[in-house]
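**Q** Whatever this is, show me its structure:
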Amino acid sequence: MKTLRKLRWILGAFVLLVGVLMGARFSGGVPRSFPVIPPYEHLTFVGQTKTAAAWAAIYQPEVYADAKRPREPIEAIWFQIQHKKGVYYFTYHPVWADETHPNALADVGYRIWRWAFYGAPSDIEAITLRIEAKTGNVSGVAYETARLDVAYDAAKPEHVRVKETLNAPLLPILLYVRTWNHLLTRRSPKAAYAQKARLEALTELHYVKYKMSRRAGPIIW
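**A** Residues are numbered from 1 along each chain as shown. From the prediction side, this is the model:
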């Protein structure tokens, strides 16, 4: 009888887990709840008029990875642009094909959870540039990082939101992968290599499919 009760408990826990995963899988794919500037719309900075997509390419930050760490490719960098009270917010989303947990056993469960909760195992982060409409200057950058005392392969790095004020920065803005789950930093490791990828507008299809409402989003400040 005890064995039967244990089997029932295990089966019940398994059914509950599957239910939670399937519920996560089929929820969360909602459209954007905020307006963005279409990539073909023209914007003017300091007397120069270009499409939003062209400006996105000009302001695009560069992302570097530690040359001594495992290399996961960036499949694309998606951008979306918002405007609020005389300020433009250019948000860039590097899309890594995967993120590998440092514990091989934990990585299996983590991968299943990402598939269910985010719609794909891809890791998508966010880098937001604050651009002044009058001057076209980048006055700030926002992203998520980890605490300075956290190791690259820490099991569960805490996400720390950073909003930096910049004065006449040199372009492009450089960011470096800080941890295995692609939290970023502006501090360069001793050896780093650029992760290149095509720049694309973040479409509504991508926003819904990859459940962007649950992933890293633009930081408006």
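**Q** quick check, residue 208 in a strand?
**A** No: under DSSP: H, G, I helix; E, B strand; the rest coil, residue 208 sits outside any strand and is assigned helix.
**Q** hang on, isn't it packed against residue 31?
**A** Yes: Residue 208 is within contact range of residue 31, at 5.9 Å (criterion: C-beta atoms under 8 Å). Using the backbone N, CA and C atoms, a C-beta is placed for each residue, glycine as well.
**Q** In terms of neighbours, single out the busier of those two.
**A** residue 208 (16 against 10; other C-beta atoms under 10 Å).
**Q** who's in contact with the more buried one?
**A** 29-31 (C-beta atoms under 8 Å, 6 or more residues apart in numbering).
**Q** Repeat that for residue 168.
**A** Residues in contact with residue 168 (C-beta under 8 Å, 6+ apart) are residue 137.
**Q** Flag the shaky bits of this structure, pLDDT-wise.
**A** Residue ranges of the chain with pLDDT under 70: 1-2, 4-26.
**Q** ok, which stretches of it are helices?
**A** Under the criterion DSSP state H, the chain contains helices at 2-25, 52-59, 104-118, 204-209.
**Q** Go through stretch 50-69 and flag the buried ones.
**A** 52-53, 55-56, 59-61, 63-66 (16 or more other C-beta atoms under 10 Å).
**Q** any idea how far the residue most central in space within the chain lies from residue 200?
**A** Computing the C-alpha centroid of the chain and ranking residues by C-alpha atoms, centre = their mean puts residue 125 first, at 1.0 Å. From residue 125 across to residue 200, the span is 15 Å (C-beta to C-beta, to the nearest Å).
**Q** do the same with residue 61
**A** On the measure of C-beta to C-beta, residue 61 and residue 200 end up 15 Å apart.
**Q** And residue 156, by the same measure?
**A** 31 Å.
**Q** Looking at the two, which one has more neighbours?
**A** residue 200 (16 against 10).
**Q** before we move on, the earlier item: any chance of the buried residues of stretch 50-69 in CSV, plus distance to residue 88?
**A** Conversion of the buried residues of stretch 50-69 to CSV gives the following (distance: C-beta to C-beta, whole Å):
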residue, distance to residue 88
52, 9
53, 14
55, 8
56, 10
59, 9
60, 14
61, 15
63, 21
64, 25
65, 28
66, 31
